[in-house]
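1. Make a model of this:
(2 chains)
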Amino acid sequence: MTQTTEKGSANDNVEALDYSKTLYLPQTNFPMRAGLPKKEPELVARWQEMGLYRRLREDAAGREKFVLHDGPPYANGNIHIGHALNKILKDVITRSFQMRGYDSNYVPGWDCHGLPIEWKIEEQYRAKGRDKDEVPVNEFRKECRDFAAHWIKVQTAEFKRLGIEGDFDKPYTTMNYHAEARIAGELLKFARSGQLYRGSKPVMWSVVERTALAEAEVEYQDYESDTVWVKFPVTMTIQSDPEKLDLHGAFVVIWTTTPWTIPGNRAISFSKKISYGLYEVTTAENDFGPRPGEKLIFADELAEESFAKAKLEFTRIRDIGAGELASLECAHPLKGFGGGYKFAVPLIDGEHVTDDAGSGFVHTAPGHGREDFDAWMDNARALEARGISAAIPFTIDDAGYFTKDAPGFGPDREGGAARVIDDKGKKGDANKAVIEALIGRDMLFARGRLKHTYPHSWRSKKPVIFRNTPQWFVHMDMDLGDGTTLRDRALKAIDETRFVPASGQTRLRGMIADRPDWVLSRQRAWGVPICVFADDDGNVLQDEGVNKRILEAFEQEGADAWFADDAKERFLGNEHDPSKWHQVMDILDVWFDSGSTHAFTLEDRPDLKWPADVYLEGSDQHRGWFHSSLLESCGTRGRAPYDTVITHGFTMAEDGRKMSKSLGNQVFPQDVMNQSGADILRLWVMTTDYWEDQRLGKSVIQTNIDAYRKMRNTVRWMLGTLAHDEGESVEYEDMPELERLVLHRLWELDKLVDKGYDAFDFKRITRALLDFMVLELSAFYFDVRKDALYCDPPSSQRRRAALQVVHHLFNRLVTWLAPMLPFTMEEAWLSRYPDAESVHLEQFRKCPDQWRDDALADKWAKVRKVRRVITGALEIERRDKRIGSSLEAAPVVHVTDKGLMDAIDGLDMAEIAITSDIVVSSDAPPADAFTLDEVTGVAVVPAMAEGTKCARSWRVTRDVGSDPEFPDVSARDARALHELRDLGRL
RNA sequence: GGGCUGGUAGCUCAGGUGGUUAGAGCGCACGACUGAUAAUCGUGAGGUCGGAGGUUCGAGUCCUCCUCGGCCCA
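-> Predicted coordinates:
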């Protein structure tokens, strides 16, 4: 329908030719405004339909593999900015290696087991009034599984929307049956090699619910506790100084709010930062308790209030130093009670001791508190060397009763075992029994009550206790049969791993060097079980036949098989007596799950490889995934499952502080994608220093939107220009210097881009490319070449050379940026090559070494110096309203510097400075000529161009009208018009 | 409190082994163009290099302390 109109108008207006229609002006359907929120989902759909992931694999078949192994996010909610940052970085690395000649396969994964999902299901139960304990374990597990599966689906869609490419149809998950079987298999390897052992540890325990609780499952409520000051008789000082013999018969006094833990006491903690003294009672108000003459040791800060509490007067005898304290041993205050407590109670230095309250000494019952346990374990080796057993007693059973490990209070007590807490959560008779025993032996200094906050179960709201419980551990320091320990191996593996940034190595090394044995046990339901059988002493059943049955069952039915009613008999078979073996019902630490992903993903998938080239996660994962994967792999395979570890920092709000719901400064990736586009978010990741914490907020996003627009417009102009590219090639030797200069720069950038991707330093690449586009292309090369590209005749070699360079520029810039901005670069690529499948199936194009020309670059650096003086002079003219367009000028350039003169010799400086003419002179310039301080030897005298303005090119020349057929255009433009007419294009 | 780590223009980043008036892009202001046009080109104004000491002829760069922030522990 437009054709008839055009024909008509062309015939009518031969005289007043609209020259703009005779120019090679940019033409493109690539819009200036991206409309990414609408366009990106269309491209996601396109990639989905064409099976881009599969096509990438086909294309790369046989190439060297590059594997970035995915650290699994947890499947329990929508993605947040941290996920986006993490996946974008992984995607750019994966894509860049694919486009640089590797088979770079990314298999996303999910972490599915664990506490947070259990909570969600429990929460749903509470809402429905159901009781978790009445639901069969495997029914509960099924609901956890469904919950995780749901979020995997949601996150998959969100990741794809971000432009992440990977095997989303076949991801790995820690809960699929094969994974569960392999995780169990890895655990059995630790069991087989003797690295797995049963130890114990205090855990928070709810007597009411008969279950262990995690820190997040308790809440702190007000509670009234019985408090006691207890005297521990000093029995021995290791020092032989006779002046210190006055300690014999003295007492160390401790204070506690849990008298029932006294039977579990094994040590007294003091602090070397506190000053202590020896005190003597002078008068006693009460007729019970300490007598005058009795000697007691207290922290000086707390002595007075303690004596006041017991209604005593006292004098201070002397200082007691830390070294002296460390040498002391006491008897247990209940020594001999029920026939027990005959062990020595040492004094140990503890970081947790303060002189804010109590006596300055902390009663240490390693089975009843985290700090007590840590202090005890820190000293375990030294104590064993002194002949003191480091074993931790199990003084309380799961119902809150004292056991045989608490002589005189357990089943041996008259009337049966005393109890700490009863089934209703009320205080039992344990405190009373202990206090009476202490009074009976005159070991009570004072007693009282204290209102304070105390942990209660989240569910039942009843108080909880710390209780020693059997747990399964992995040895860090056991000889593994080759003279090395797990710790040795892990430290060696860290030395052999590349860390990006390097500080990660120090950080991980420090953690491995210091860490205690690995506790694998969790008293939970949703996870892979510690699928071993143990006897009463904690020895693990070693029978490959049993193990085989377990693993086969898991492979077929998942780890649920362990929790089926007949599991014990089924797995033990006929060879073992079920009454002699306990089926361990603990769940594996989920870090063991994710620490095993390398086994069931990298090793088991033929399209991957072991070890991985790269693991990439947030820097918090030094304690998490990097750590557990390292231990798991070193324990079973003797080396790390990765060659390189990359870490990123965290995303802060604009003011550098943490994002938080309450401050309302959160940025959601979904919002950025819907308002600006995923490519904007990706560009942010690419321009930021991701090894450190990054900032994200309104102005940061705007900065990236602006940068994006600049790049997009540059690409758009290239596309428009290339609309006229007919593919005629020009030999390198035949190209003008300006074109060769640009090719040289492209060659340099090629090296820089390659190095940048190798170093995972993306900001270096985006910075270089953006600067190149702005400073060298848009402001210089394109600006200069517009005249030739728009106006030159079809046959012009200059025009063809420029077109070819723009073609090279386009192909390289677009592919180099494709890993970073996959949506925009795909759009650009398909605009130029409508029949192409995808830019993501392209390889980076190499730049031939022929393009390198350092001498030319040096020369043109000088040319641009001269040009700067010329444009500076024109700016004065423009400011003073003598010219508007630079094409109105034809200045005289005085060049008295030989080097600069040699550089511009033979070049058309008018073309380069975009003026209509230029006169270059070596004469000394007049005094008032324009100069720049930073460029010596160049001075410019402005002048108006002489001649007539060409109606087509707008240059002012003297040859306008030389062709009578086209009287209003210059000779060059007349030639162009002739050629166009001959080609039938006019 | 401990381990690791950071604080350079409004924003994002450069600033080997200490050496002239601390750089870039964007943004901003002003101007030009009107054939990259909600684009393009040019010019310009923005920094006590978190703070204070110290070493040195000379420190954004080295040392000490302080301060604000981050991750992981306690």
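2. in its sheet, what does the longest strand along chain A sit against?
-> Longest among the strand segments of chain A by residue count, using DSSP state E, is strand A:218-237. Note on strand A:218-237: by DSSP bridges, its sheet partners are strand A:251-256 (antiparallel), strand A:328-331 (antiparallel), strand A:444-457 (antiparallel).
3. Would you mind extracting the C-alpha trace of it into PDB?
-> Below are the C-alpha coordinates for strand A:218-237, written out as PDB (Å, rounded to 0.1, in the frame of the first residue of the first chain):
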ATOM      1  CA  VAL A 218      13.400 -22.200  72.100                       C
ATOM      2  CA  GLU A 219      12.200 -18.900  73.500                       C
ATOM      3  CA  TYR A 220      13.400 -17.100  76.600                       C
ATOM      4  CA  GLN A 221      10.800 -16.500  79.300                       C
ATOM      5  CA  ASP A 222      11.000 -15.400  82.900                       C
ATOM      6  CA  TYR A 223      11.600 -18.200  85.300                       C
ATOM      7  CA  GLU A 224      12.400 -18.600  89.000                       C
ATOM      8  CA  SER A 225      15.400 -20.700  89.700                       C
ATOM      9  CA  ASP A 226      16.900 -22.100  92.900                       C
ATOM     10  CA  THR A 227      20.400 -20.800  93.300                       C
ATOM     11  CA  VAL A 228      23.200 -22.200  95.400                       C
ATOM     12  CA  TRP A 229      26.700 -21.300  96.400                       C
ATOM     13  CA  VAL A 230      28.600 -24.500  96.800                       C
ATOM     14  CA  LYS A 231      32.000 -25.100  98.500                       C
ATOM     15  CA  PHE A 232      34.600 -27.300  96.800                       C
ATOM     16  CA  PRO A 233      37.400 -28.400  99.200                       C
ATOM     17  CA  VAL A 234      40.900 -27.800  97.900                       C
ATOM     18  CA  THR A 235      42.700 -31.100  98.000                       C
ATOM     19  CA  MET A 236      45.900 -30.500  96.200                       C
ATOM     20  CA  THR A 237      48.100 -27.800  94.800                       C
END
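4. what's the offset of it from the middle of its chain?
-> From the chain centre to the centre of strand A:218-237 is a distance of 43 Å (Cα atoms, centre = their mean, to the nearest Å).
5. and if you look at stretch A:644-662?
-> In this view, stretch A:644-662 has its centroid 9 Å away from the chain centroid, taken as Cα atoms, centre = their mean.
6. What pLDDT is listed against the residue of the stretch 801-950 of chain A found nearest RNA strand B?
-> Residue nearest to RNA strand B within the stretch 801-950 of chain A: residue A:884 (1.9 Å; Cβ to the nearest atom of the strand). Every C-beta, even on glycine, is put in place using the N, C-alpha and C of the backbone. Note for residue A:884: predicted pLDDT of 92.
7. How many neighbouring residues does it have?
-> 10 (other Cβ atoms under 10 Å).
8. nearest residue to it other than its sequence neighbours?
-> residue A:878 (6.7 Å; Cβ to Cβ, 6 or more residues apart in numbering).
9. Isn't the one you found up against residue A:889?
-> No: Residue A:878 lies out of contact with residue A:889 (Cβ atoms under 8 Å); the separation is 9.0 Å.
10. The two - which one has more neighbours?
-> Between residue A:878 and residue A:889, counted using other Cβ under 10 Å, the more crowded position is residue A:889 (27 against 16).
11. Identify the residues contacting the more buried one.
-> Applying Cβ atoms under 8 Å, 6 or more residues apart in numbering, we find residue A:889 in contact with A:874, A:877, A:883, A:915, A:916, A:942, A:943, A:944, A:945.
12. Shouldn't residue A:315 be within a helix?
-> No: using DSSP: H, G, I helix; E, B strand; the rest coil, the secondary structure at residue A:315 is strand, not a helix.
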